[in-house]
Structure formats: C-alpha cells, structure tokens
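Q: Fold the stuff below for me.
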Amino acid sequence: LLITNSDYVYTQRIMEYAYDPYLPDDMTWRDLFDVTVVSSAKPNFFANSRNLVYEVATEDGLLRPTMRYEQGGVFAGGSARMIEESLGVSGDQILYVGDHIYTDVSVAKVNLQWRTCLVVRELEREVEALEKMAPLRVALKRYMNEKERVSDAFNSMRLELTRRMTTEMWDRDGEILGPSDLPQLHDVPETELREGLVKMMAYMEALDSVISKMLGRDGSLFNTRWGYISLAGLNDKSHLTRQVEKYADIYTSRVSNFLHYTPFMYFRSPSQSLAHDRKRWSGQSRSDMRATVAN
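A: Sure thing, here's the model as predicted:
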C-alpha cells in the first residue's frame, strides 16, 4: 500500500527512478503495492470518509470516477476508511509507515487506531554522534553527580545555620523541636559552617562552569547549534521524542530496516519504567529498592 499527497505524474517519475532499475525485467514499482493512492490530501485522508475517489486510467494521469479501490490499481483521492473496506483490514491490523509526525503518524493513530511507524532519517547520524560522545557523557554524569553530592552537604549546613538562628521551632502539634536533627553538625562552630558554605558555593559554581561547557559540546557532532534531536540536555527528552512516544508505535531510520524481519513480525516496545520502579527492571529486588530509597 502506497499513500502519497503527490500527483500521479510526479509519483510515477520518482518511483520509476527509485525502484524500477532494481526490479526484475517483468516488474515495475506498481507491482510492489496492492493499492497505490496519489493526491491523497493527507491529513484529511485519515479524517474524512466521504472523499471522492478516482482511478488513474492512463499513463499520463487521466482520471475516471470510481466507487472503491481495487487491488493492483492506482487511484487518486479517497479515504483511509475506503482502504480498510477494500483490503478487509482495520485498526491495529495495519502498520502505517510515514515520515511526518502529524500528517502521517498522529492522525492515523488517533482517528483510525492504525499501528504507526515514524521514519526519522536523522537517527543514523545521531546514533553515530552519541557513540562518539559517549566518553564525554560519562564524564558529564560524573560531574553532575559530584555537584548533587556537594549540594546535599551544602543544604544540610545551611539548614543547621537556619535552625541555630531560630530560637524556637514548632512542629504541627505545637511541640518544640531541638536545634538540629543533624548530629554530625552539632559541634561544628558557626564560623566554620559559614566558611564551609562559601567554599562549597564556589566549588559548585566551578562545577557549573565545567558542566555548562560540556553540555555545549555534547551533541555538537550532530548539530553545532541545536544538539541532538531526541534529547534535551543530558537526561531529558526533546519535544519531538515525546511526540514520537505519544503517536508512533515504533520508529526507524529507513524503511529498508524492515528487511531484517519477516512480514509476520509483531513489534513490541521495550518495557518502560518510572523513577520509583527503575531498580526492578535492572534486576534489583523491591526490598533492595526500598533500602536504596531510604538511604
């Protein structure tokens, strides 16, 4: 099945150039598809079931009205519902492959519940860039973990100073709280606490400077201005990635990747985990996870 917004003449020229030289002599690109739909007017093709449909009757693109798609034919217009009726399939029986997040993947998923695959050609370059930048990303995570460790100590010392400056603190039941629940800081003089805060702040600012420069380098092999298309910063997902997760069942860099599988392959996405459940998927028991959280 081929669905394109291009007209027949343009589609014919492109497909002849791209496919016919690599096919047996008795085949043309039209033999690769049960139904070919040109001038489909996506995304309306997926939303409106009453679009007029025409059969391409001649090689120069002459059209004649028809009522339905027929296998082996080339048609202009129509709708996705007519595709389902003609082929006798519907919903998740169809894997629709497209390269546009809205006119292909989103509307086919939302309106028809078709299985969807998004083609993202930039993926191959991004994977290469990620592999080359892997050592930098490892170092970057190490610096960020160090900043988090120092930040925790900084916050504890700041809290201790705040409590010492408060003569009385009351909990919700009106009971007086002690000066500190951080025994390791009980005997530290106030001057040392303040000096420690100043030093830690300077250290964190130095870490920020290093981290900022490394973040600027990360992704520069893919795009010097915008970085990766799938990531935002070190750990977050880009807006595009979140759209892909929402509307596409699977994604790939090119359609030919499907040659590695049989036509009967049922693709399943890998297990996803939330922050509180990540340890379970890494093989750690729930009791170990609770201990990790508690510590």
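Q: got a list of what Ser39 touches?
A: Asn5, Ser6, Asp7, Tyr8, Ala76, Gly77 (CB atoms under 8 Å, 6 or more residues apart in numbering). Every residue, glycine included, has its C-beta placed from N, CA and C.
Q: Out of those, which end up buried?
A: Neighbour counting by 16 or more other CB atoms under 10 Å classes Asn5, Tyr8, Ala76, Gly77 among the contacts of Ser39 as buried.
Q: how about Leu215, what does it touch?
A: Counting by CB under 8 Å, 6+ apart, Leu215 makes contact with Leu140, Gly233, Leu234.
Q: can you give me phi and psi for the second one?
A: In this entry, Gly233 is assigned phi and psi values of phi 80, psi -150 (degrees, to the nearest 10).
Q: Tell me which residues touch it, please.
A: Leu215.
Q: how near is it to Ser273?
A: As judged by CB to CB, to the nearest Å, Gly233 and Ser273 stand 20 Å apart.
Q: Looks to me like Asn5 is in a helix.
A: No. Using DSSP: H, G, I helix; E, B strand; the rest coil, the secondary structure at Asn5 is coil, not a helix.
Q: is it true that it touches Lys42?
A: Yes. Asn5 lies in contact with Lys42 (CB atoms under 8 Å); the separation is 5.5 Å.
Q: who touches both of these two?
A: With CB under 8 Å, 6+ apart as the test, Asn5 and Lys42 both reach Thr103.
Q: Specify the residue ranges that define each domain of the protein.
A: Domain ranges of the chain: 2-89, 140-212, per automatic domain parsing.
Q: and the ones you listed, which is most packed in?
A: Of all the domains of the chain, domain 2-89 has the most neighbours on average by mean count of other CB atoms under 10 Å, namely a mean of 16.
Q: Could you single out the nearest of the buried ones among the contacts of Ser39 to Val150?
A: Among the buried ones among the contacts of Ser39, Asn5 lies closest to Val150 (CB to CB), at 55.2 Å.
Q: circling back to that earlier point, want to throw the contacts of Leu215 into a markdown table with pLDDT?
A: Below are the contacts of Leu215 laid out as a markdown table (pLDDT from 0 to 100):
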| residue | pLDDT |
| --- | --- |
| Leu140 | 93 |
| Gly233 | 82 |
| Leu234 | 82 |
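Q: Show me the helices in the stretch 1-150 of the chain, by range?
A: 8-18, 44-47, 80-87, 107-112, 123-132, 134-165 (DSSP state H, counting those that start in this stretch).
Q: a markdown table for the ones you listed, including distance to Arg217?
A: Conversion of the helices of the stretch 1-150 of the chain to a markdown table gives the following (distance: least, CB to CB, whole Å):
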| stretch | distance to Arg217 |
| --- | --- |
| helix 8-18 | 38 |
| helix 44-47 | 42 |
| helix 80-87 | 45 |
| helix 107-112 | 36 |
| helix 123-132 | 11 |
| helix 134-165 | 6 |
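Q: related to what we said a few turns ago, distance to Gln113 for the domains of the chain - can I get that in TSV?
A: Formatted as TSV, the domains of the chain follow (distance: least, CB to CB, whole Å):
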stretch	distance to Gln113
domain 2-89	11
domain 140-212	39
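Q: mean pLDDT for those: which is lowest?
A: Lowest mean pLDDT within these: domain 140-212, at a mean of 78.
Q: Leu62 contacts Tyr54, correct?
A: No. Taking contacts as CB under 8 Å, Leu62 lies outside contact range of Tyr54: 9.4 Å.
Q: Out of the contacts of Ser39, the closest to Tyr266 would be?
A: Asn5 (29.4 Å).
Q: how about that closest one, what does it touch?
A: Residues touching Asn5, when contacts are defined by CB under 8 Å, 6+ apart, comprise Ser39, Ser40, Ala41, Lys42, Thr103.
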